[in-house]
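In: Got a sequence here, can you build the structure:
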Amino acid sequence: MKYPKKPFDCEQHIEILRQRGLDIPNPDRAEKYLNSVGYFRLTGYMYHLQERDGSHAFIGKVSFDDIINLYQFDKKLRSVINEYLERIEVALRTKITNYYCLKHGFFWYTDATLFTDVNLYKGVLAEINESFVTPQESYLRSFKLKYTAETHPPSNMALETLTMGKLVRLYKALKDNDEKKLIARDFNLPPTHLTTWFVYLTNVRNVCAHHSRLWNKKVTADRPQIPTRERFKFHGTITPDFNTTMYGIISMINRLLLSFNNPNNFTAKIEGLIEAHSIDTSLMGFPADWKQNAPWRNEKNPDAEAAE
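Out: Residues are numbered from 1 along each chain as shown. Okay, the predicted model is just below:
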């Protein structure tokens, strides 16, 4: 089947939206967004406001301003999520280097016996080697010029060359040894659960990096394991789709942050955005009682909890 649709200009798109019942009080503003953001991207913020019968008719009174409000909220939400995922990524990179270097030396990552998934390990090692052949970073160039007998950079430099996705793959490939367990302990999760969280949150990070819609998106790839043991389980309302929605994503990021970056303003920023943009949180997977029973309102600092 061939794609039958024809391209339209901004005026034609505005007319189509009006015919579907969308109120467009300021056509100039609408044209500005259609030219700079694009019709297709903006449709992602319309679907939940339209009939599902193929007509795409808007339900009730909906304004173009409502669409832009959601778009702006989503943009700010991605920025906050990305900011705090970066902190988690940096913490993971640091913990891997610290624990493994102290036990196995700076070049531990070249030892294949430390890994259980050799193919995954070889792929990441090839990435590190490639970055060392023609180094782009000044610290790698300086190291290579000074230590001419070395064929690899030390771990503290090597891991800096990896994206979050590659870093998580390296962590996933590691054997379930004492060092990996210490990292999981630091994040207050069992090793197997932590691995699934990192893989899943890498997918969330990719959504942010590609500026895709996130606020009401079901992130279903690589669903993370949600702990049920009393020591690790979430306290508060856990919804059936917890491991696919923003509600769960926020809860997981908050749990990880509590282990090394407490206090922080992560959930306060999220709640501030929700309030400022008058967002229907049910579309983000939030339960009705989230203001009282969201996990981030009931979580404690694990260090403080252990001291009680």
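In: mind listing the strands for the stretch 101-250 of the chain?
Out: Remark: no strands are assigned in the stretch 101-250 of the chain by DSSP state E, counting those that start in this stretch.
In: where in the chain is pLDDT low?
Out: 300-308 (pLDDT under 70).
In: rerun that using 50 as the cut-off
Out: 304-308 (pLDDT under 50).
In: okay, now the domains of it?
Out: As given by automatic domain parsing, the domain ranges for the chain are 10-68, 77-307.
In: what's the spacing between the first one and its chain's center?
Out: For domain 10-68, the gap between its own C-alpha mean and the chain's C-alpha mean amounts to 28 Å (Cα atoms, centre = their mean, to the nearest Å).
In: Likewise for the longest one?
Out: Here domain 77-307 is found 9 Å from its chain centre; the criterion is Cα atoms, centre = their mean.
In: Can you list the residue ranges for helices in this structure?
Out: 10-19, 27-36, 39-43, 64-104, 118-133, 138-146, 155-158, 164-173, 178-186, 191-209, 246-258, 266-276, 290-293, 302-307 (DSSP state H).
In: now for those helices, which one comes closest to Ala57?
Out: Shortest distance between Ala57 and the helices of the chain, using Cβ to Cβ, is found for helix 10-19: 8.9 Å. Quick note: C-beta positions are derived from backbone N, CA and C, even for glycine.
In: Tell me the helices and strands packed up against that closest one.
Out: Other elements packing on helix 10-19 under the criterion 3 or more Cβ pairs under 8 Å, 6 or more residues apart in numbering; DSSP states H and E are helix 27-36.
In: Could I get the CA-only coordinates of the helix it packs on as CSV?
Out: This file holds the C-alpha atoms of helix 27-36, laid out as CSV (Å, rounded to 0.1, in the frame of the first residue of the first chain):
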residue,chain,number,x,y,z
PRO,A,27,-3.8,32.1,13.7
ASP,A,28,-0.5,33.9,13.6
ARG,A,29,0.7,32.1,16.7
ALA,A,30,-0.6,28.8,15.3
GLU,A,31,1.4,29.4,12.1
LYS,A,32,4.5,30.2,14.1
TYR,A,33,4.4,26.9,15.9
LEU,A,34,3.5,24.9,12.8
ASN,A,35,6.5,26.4,11.1
SER,A,36,8.9,26.0,13.9
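In: Touching that helix from outside, list them.
Out: 10-11, 13-14, 17, 24, 42, 64, 68, 71 (Cβ atoms under 8 Å, 6 or more residues apart in numbering).
In: Identify the farthest-apart pair in the residues you listed.
Out: Glu11 and Tyr71 (20.3 Å).
In: Who has more neighbours out of the two?
Out: Tyr71 (19 against 12; other Cβ atoms under 10 Å).
In: Would you check that the more buried one makes contact with Gly38?
Out: No: at 10.8 Å, Tyr71 does not count as touching Gly38 under the criterion of Cβ atoms under 8 Å.
In: Tell me who's in contact with Thr245.
Out: Thr245 neighbours (Cβ under 8 Å, 6+ apart): 218-219, 239, 284-285.
In: So among those, which ones count as buried?
Out: Applying 16 or more other Cβ atoms under 10 Å to those, the neighbour count classes 219, 284-285 as buried.
In: so can I have TSV of these showing distance to Gly54?
Out: As requested, those are exported to TSV (distance: Cβ to Cβ, whole Å):
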residue	distance to Gly54
Val219	27
Met284	26
Gly285	26
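In: Out of these, which is nearest to Tyr47?
Out: Distance to Tyr47 across the buried ones among the contacts of Thr245 (Cβ to Cβ) is lowest for Met284, with 14.7 Å.
In: how much space is there between the closest one and Asn298?
Out: 18 Å (Cβ to Cβ, to the nearest Å).
In: Without its sequence neighbours, what residue ends up closest to Arg255?
Out: Glu299 (6.3 Å; Cβ to Cβ, 6 or more residues apart in numbering).
In: Correction: the previous question concerned Pro135.
Out: Closest to Pro135 by Cβ to Cβ, 6+ apart is Arg141, at 4.8 Å.
In: That neighbour contacts Val133, correct?
Out: No: using Cβ under 8 Å, Arg141 is not in contact with Val133; the gap is 11.6 Å.
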